[in-house]
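In: Structure for this input, please:
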Amino acid sequence: MKTKLFCNICASPLDKDVLEGKERQICRKCGEVFYENPLPAAAVILLNHSREILLVKREREPSKDMWCLPIGFAEIGESIEDAALRELKEEAGVEGRIVQLIDVGSEYNPFYGDVLVVIFEVEKTGGEETAGDDASDCRYFPVMSLPKLAFDSQARAIEKYIELKKDLWNMHDSLETFVEGTIQNRIVYPGNLLSDELVDAVQRNAEKIVGLWLNDISTNPSTRGYHQFNKEDLFQRAMFIMGQFEAWLKGEKRESEFKEFYTGLGSHRRKDGMTLEEIISSLSLLKKHIWMFTYSFGVWEKAVDIYRMFELGERLVYFFDRAAYYTVMGYLQKE
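Out: Residues are numbered from 1 along each chain as shown. Alright, predicted model coming up:
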């Protein structure tokens, strides 16, 4: 790190003295004290739609030929935000806008001394990715598989960024999987969903949920035919449905088995003398109690928790819609 030899005010040689508990450079002639402050630098995290981060390869020292986020020092009369966007344009050819502040950290560099690094998330608004200024190359890297970075402060900021985005990415991935399955009219989805955790909770608490459902259909005006029905028999049948619920949602049971079970349910209920309206109402009430039970033990402090409940609700709609369809089919089919 370079040090001053002469006073900026009177050009006299500088001396050292301890002031305010630290050794500082002073000018004995004019009394000027030179306080050394960290140099302000701005860096940007820019992600593409494939969750890859834009990095540049340094053309000069320090850390020549290593990869880093676009970064540079703020200039006099320039805001730190403007400095970040300017460096992005100069080093990578990309125009952008500030999304949010990600991190502020300090780093000691033998070349520049103490540096205060402010790192922003930036969204691309224009330009083409082209290495320029102090960069010999620029390229996108998968956010979870980055090369070793030139500066530790940037590595820490990216870790913080990943943690910040984790829930959002999980919700996005789960929603894409859910939509893909819904478009293809599936109950089973081609991948893990965030609401699978709640499906597991439903399975663990099946007896409680069935107990609530049983109390409801035994008194609800929409299920009068069930009021005199043997409760133990109803409980066992409902527990069988709950036992199969997770298996159907997770693809452990085939569609043919699902259809066979619910057409059989409709046929049996007709023979029991139940009206079709009462049967459909009983299925709707079971769906209600599954959803309400999972809602009752949740703590909704994060958006991901709210999304998880929304997703479960939608899965229940698709599941019980199909269950009702096959039940009606079985009820109406001729012997």
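In: How is this structure partitioned into domains?
Out: If you go by automatic domain parsing, the domain ranges for the chain are 1-36, 39-155, 181-332.
In: can you redo those domains as TSV with distance to N170, mean pLDDT and mean neighbour count?
Out: All C-beta atoms are positioned from the backbone trio N, CA, C, and that covers glycine. Below are these laid out as TSV (distance: least, Cβ to Cβ, whole Å; pLDDT from 0 to 100; neighbours: other Cβ atoms under 10 Å):
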stretch	distance to N170	mean pLDDT	mean neighbour count
domain 1-36	44	87	12
domain 39-155	12	95	17
domain 181-332	6	88	16
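In: okay if I get those as CSV plus distance to S174?
Out: Below are the domains of the chain laid out as CSV (distance: least, Cβ to Cβ, whole Å):
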stretch, distance to S174
domain 1-36, 49
domain 39-155, 15
domain 181-332, 4
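In: Which of the ones you listed sits closest to L164?
Out: Closest approach to L164 among these (Cβ to Cβ): domain 39-155, 7.2 Å.
In: Need the distance between the two termini of the closest one.
Out: 19 Å (Cα to Cα, to the nearest Å).
In: Sketch out the strands for this structure, chain order is fine.
Out: 15-19, 22-26, 33-34, 39-46, 52-58, 67-68, 71-73, 94-109, 113-127, 135-142 (DSSP state E).
In: Out of these, which is closest to W248?
Out: If you check each of these against W248 by Cβ to Cβ, strand 135-142 wins as the nearest, at 35.1 Å.
In: what are the pairing partners of that closest one, and which direction each?
Out: Sheet partners assigned to strand 135-142 using DSSP bridges are listed as strand 52-58 (antiparallel).
In: Pull the distance from the partner strand to the chain's centre.
Out: Taking Cα atoms, centre = their mean, to the nearest Å, the mean C-alpha location of strand 52-58 is offset from the chain mean by 23 Å.
In: would CSV of the strands of the chain with distance to G330 be doable?
Out: Formatted as CSV, the strands of the chain follow (distance: least, Cβ to Cβ, whole Å):
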stretch, distance to G330
strand 15-19, 90
strand 22-26, 85
strand 33-34, 89
strand 39-46, 56
strand 52-58, 51
strand 67-68, 63
strand 71-73, 67
strand 94-109, 54
strand 113-127, 53
strand 135-142, 50
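In: So which of those strands is nearest M292?
Out: Smallest distance to M292 across the strands of the chain (Cβ to Cβ): 36.4 Å, for strand 94-109.
In: sorry, back to before: out of the strands of the chain, nearest to T3?
Out: Using Cβ to Cβ, the strands of the chain put strand 22-26 closest to T3, at 7.4 Å.
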